[in-house]
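J.: I would like the atomic coordinates for the input below:
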Amino acid sequence: MLKAFVVKGVAAALAAGALWGLPAGWAAAAVVAIGALATGFLTYAIAHPRSRFFVPVVSRLASGEPAVALTFDDGPDPEVTPRILDLLAARGARATFFVLGERAARHPEVIRRIARDGHTVATHTQRHRLGFHFGSAAYVQREIEDAIAVVAGILGRRPGLFRPPQGLRTPCFVSGWRRTQGLTCVTWSVRGLDSLPTTAAKIVARIAPRLAPGAIVTLHDGTGLGGGTDRQPTIEALASILATCEARGLRCIALDDRLGDAGGGGTGGIG
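T.: Alright, predicted model coming up:
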């Protein structure tokens, strides 16, 4: 930690010296440019699904075979999730459900069906609150581990996959994440933005062009922070997405198919 502060201090001193030697107009422009670059980099590090700056992530499958991973966030929902499970079963597709602990506790029968149907049950925090991104390390750890405990209590095994709300990896999240053990952080390569008010056609238009070997697709079977409550567009879009996968020869797999047993925390064949 001390070494990091020393390096940052030296870098700041050198930058200040360089700015001091510039003409007044150039110095102001340089400050603006540096600020813009720093903001852009921090935004990328926190929000981009492929960024591994703070936390190692899985954002896509290894693309050596014709397979995609459909994932669903914010459930389970007692009405929506079973309808999604019916659609998946009709096509012989498997998926991964990143569930909220408090909703899993209210609907354990849905969690059991997800697992019974051969899908992966993963976690997505206990409550999906905005404060998760800015909380203390202890709070972040508790939100992660409480959700794990709920699912483990229902299924008798510890889920090993986790997705942070909105996929964000803030410094506050990182401080709590480092206290957890044996988890793999999963983001995505394409998402339908179906947590917002939208239509099935728009969801399909976002996803279909990027349905290719290795894709990890994010959809929603529940309602997240500030999101729309109508999941009918998601259900309609899912039927089209599954048909497109079949037409392109793409198998829809659960992420545990590439990670081994739940709770293993490895990265298996995922890139």
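
J.: Endpoints of stretch 153-172, how far apart?
T.: Terminal residues of stretch 153-172 lie 27 Å apart, using Cα to Cα, to the nearest Å.

J.: I'd like the distance between the residue lying closest to Gly101 once chain neighbours are set aside and Gly167.
T.: Counting by Cβ to Cβ, 6 or more residues apart in numbering, Ala147 is the residue found nearest to Gly101 once chain neighbours are left out, at 3.2 Å. The C-beta positions use only the backbone N, C-alpha and C, and glycine is treated the same way. According to Cβ to Cβ, to the nearest Å, Ala147 and Gly167 sit 16 Å apart.

J.: And for Arg179?
T.: With Cβ to Cβ as the criterion, Arg179 and Gly167 are 20 Å apart.

J.: Equivalent analysis for Ala152, please.
T.: Distance, Ala152 to Gly167, using Cβ to Cβ: 23 Å.

J.: which of those two has more neighbours?
T.: Gly167 (20 against 17; other Cβ atoms under 10 Å).

J.: That one is in contact with Ser189, isn't it?
T.: No: counting by Cβ atoms under 8 Å, Ser189 is not a contact partner of Gly167; they are 11.3 Å apart.

J.: In the sheet, which strands lie alongside the top strand by length along the chain, parallel or antiparallel?
T.: As assigned by DSSP state E, the longest strand anywhere in the chain is strand 67-73. Each strand paired with strand 67-73, and its direction, by DSSP bridges: strand 95-99 (parallel), strand 216-220 (parallel), strand 251-252 (parallel).

J.: Report the next helix or strand after it in sequence order.
T.: Where DSSP states H and E defines the elements, the next helix or strand beyond strand 67-73 is helix 80-91.

J.: Tell me how far Pro209 lies from Leu255.
T.: Taking Cβ to Cβ, one finds Pro209 at 22 Å from Leu255.

J.: Settle it for me: which of those two has more neighbours?
T.: Remark: of Pro209 and Leu255, Leu255 carries more neighbours, 26 against 9, as counted by other Cβ under 10 Å.

J.: Please report phi then psi for the more buried one.
T.: Note on Leu255: backbone dihedrals following degrees, to the nearest 10 are phi -60, psi -30.

J.: Now it: closest residue in space that isn't a chain neighbour?
T.: Thr96 (4.4 Å).

J.: Count the residues that sit near that neighbour.
T.: So Thr96, with other Cβ under 10 Å, has 27 neighbours.

J.: Now for Gly167 and Ser189: what residues contact both?
T.: Common neighbours of Gly167 and Ser189 (criterion: Cβ atoms under 8 Å, 6 or more residues apart in numbering): Pro49.

J.: got the domain boundaries for the chain?
T.: Per the record, the chain has its domains at 2-47, 57-259, by automatic domain parsing.

J.: So for Gly227, what's the pLDDT?
T.: At Gly227, the pLDDT value in this model is 67.

J.: Could you name the helices and strands sitting against the helix or strand where Ile154 lies?
T.: Here Ile154, judged by DSSP H and E, is contained in helix 137-155. Judged by 3 or more Cβ pairs under 8 Å, 6 or more residues apart in numbering; DSSP states H and E, helix 137-155 is in contact with helix 101-106, helix 108-116, strand 120-123, helix 171-177.
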